[in-house]
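Asks: What shape does this take:
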Amino acid sequence: MGRSFAAGTRPRQAVSIQDVADRAKVSIATVSRALNKPHMVSPDTGKRVLEAVEELGYRPNRFAQALMTRESGVLGIALPDLHGEFFSELIRGADAEARALGYHMLVSSIHDDLGPKPADGPVRVSRALGLIDGLIAMITEPSSVLATQLDAMGVPLVMIGADDTDSNGHDSVSVDHADGARQACEHLLEDAEPGSCYFVGGPRRNYDTLKRAGAFRAFFESRGHTLRADQVQFRDYTIEWGGAWAQEMIERDALAGACVFCANDEIACGVLRIGRDAGLDVPGDLRIVGYDGTRLSQLVRPRLSTVAVPVDELGRSAVRLLIERLNEPDLPPRKIVLSPSLLVHESSSP
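Replies: Residues are numbered from 1 along each chain as shown. Alright, predicted model coming up:
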């Protein structure tokens, strides 16, 4: 049964973006820019549009607006995980920069939608990503299928953490992990023999772990030391793995006197906990350096030395690159490399 209205009344007709454009004497695209990217229109034009919006009582329909202008004012960011301080800080930085520049941010996990190609069909891409003007994607492992899928989306793309092969001519932002590892190694070697230094890494195929492990090897080889097989180990980025590695070292009577460079702060905290439980003094008997510079490094005692990554700036830089690409599609590919910095605290003081 249809609606009934009181005598003499009529349902109020919704105000459209076309009505606003007509009142302000501009195009629909200009109205969209004035509302979503005010920095892209002149102050006089922006004022006329806002006055028309106020006079007409216009409330934007984002979906309809995107269909008409082919600009949604929304950026996508696809990450391998949404859990943990590293990813939350990355999202926070990206979202703050997007909002400052007049955009909204859509966050998605990359696992389910952009994973290995199933045997019985094509790789599935998230339908939600079809609403965005451009995409930021964090690549953590080699994946030609993933790189191909991202290319096939047909939107401007910025990659975080990818190597030159996966970035495939796209804009990219990365961290100089080789320099971060070098800083950690130089610090540990201030008061240690090369044979007592260890690298405890994350997944063997992970780009960041591979760069840090490679720099660890190169550092000691440049000083004439050939690493033993047990001095570089891989598994995952967890406290449990750090604890398991440390426990194995205790059983070999090898943890006392060790200097340990861990691929992230969680691994380092696992090593620290087991070492302390075994009665080792940190840093007297065991020196530890983590990586990422998360708040976790400040919460444990003794405080954890760590190589701090500018995670907030990682997200902000990616957003700036993407918006610049949207505004100037013909720019040559750009690559930003951010520098980490070693923060020395009690866990590794010589």
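
Asks: And the strands in the stretch 251-350 of the chain, which stretches?
Replies: Using DSSP state E, counting those that start in this stretch, the strands of the stretch 251-350 of the chain run over 259-262, 287-292, 305-308, 335-338, 341-343.

Asks: Out of those strands, which gets nearest to Ile28?
Replies: Closest to Ile28 of those is strand 335-338 (CB to CB; 34.3 Å). Using the backbone N, CA and C atoms, a C-beta is placed for each residue, glycine as well.

Asks: tell me which residues in the closest one are buried?
Replies: For strand 335-338, the buried set under the neighbour-count rule, 16 or more other CB atoms under 10 Å, comprises Ile336.

Asks: Pull the residues that contact that strand.
Replies: Strand 335-338 is contacted by residues 167, 171-176, 309-310, 313-314, 317, 321 when judged by CB atoms under 8 Å, 6 or more residues apart in numbering.

Asks: Return the closest of those with respect to Val15.
Replies: After measuring the contacts of strand 335-338 against Val15 - CB to CB - the closest member comes out as Leu321, at 36.0 Å.

Asks: which ones are touching the closest one?
Replies: So Leu321 contacts Val158, Asp171, Val173, Arg334, Ile336 (CB under 8 Å, 6+ apart).

Asks: thinking again about what came up before, now list the buried members of the contacts of strand 335-338.
Replies: Using 16+ other CB under 10 Å as the burial test, those include Ser167, Asp171, Ser172, Val173, Ser174, Val175, Val309, Pro310, Glu313, Leu314, Ser317, Leu321 as buried.

Asks: Check the offset of the helix or strand harbouring the fourth one from the chain's centre.
Replies: Think Val173. Per DSSP states H and E, Val173 falls inside strand 171-175. The chain centre lies 10 Å from the centre of strand 171-175; the measure is CA atoms, centre = their mean, to the nearest Å.

Asks: Give me the angle between that strand and strand 287-292.
Replies: Counting by axes from the mean of the first three to the mean of the last three CA atoms, to 10 degrees, strand 171-175 points 160 degrees away from the direction of strand 287-292.

Asks: Output the contacting helices and strands for strand 171-175.
Replies: In terms of contacts (3 or more CB pairs under 8 Å, 6 or more residues apart in numbering; DSSP states H and E), strand 171-175 is packed against strand 157-160, helix 311-327, strand 335-338.

Asks: Same question for the next helix or strand after it: list its buried residues.
Replies: Downstream of strand 171-175, the first helix or strand assigned by DSSP H and E is helix 177-188. Buried residues in helix 177-188, counting neighbours by 16+ other CB under 10 Å, are found at His177, Ala178, Asp179, Gly180, Ala181, Arg182, Gln183, Ala184, Cys185, His187, Leu188.

Asks: Dump the helices and strands packed on strand 171-175 to a markdown table, plus distance to Leu135.
Replies: Below are the helices and strands packed on strand 171-175 laid out as a markdown table (distance: least, CB to CB, whole Å):
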| stretch | distance to Leu135 |
| --- | --- |
| strand 157-160 | 5 |
| helix 311-327 | 8 |
| strand 335-338 | 17 |
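
Asks: These: which one's closest to Leu146?
Replies: strand 157-160 (10.4 Å).

Asks: With adjacent residues omitted, what lies nearest to His225?
Replies: Among residues not flanking His225 along the chain, Pro194 sits closest, at 3.8 Å (CB to CB, 6 or more residues apart in numbering).

Asks: Spit out the contact partners of that neighbour.
Replies: Counting by CB under 8 Å, 6+ apart, Pro194 has contacts Phe220, Arg223, His225.
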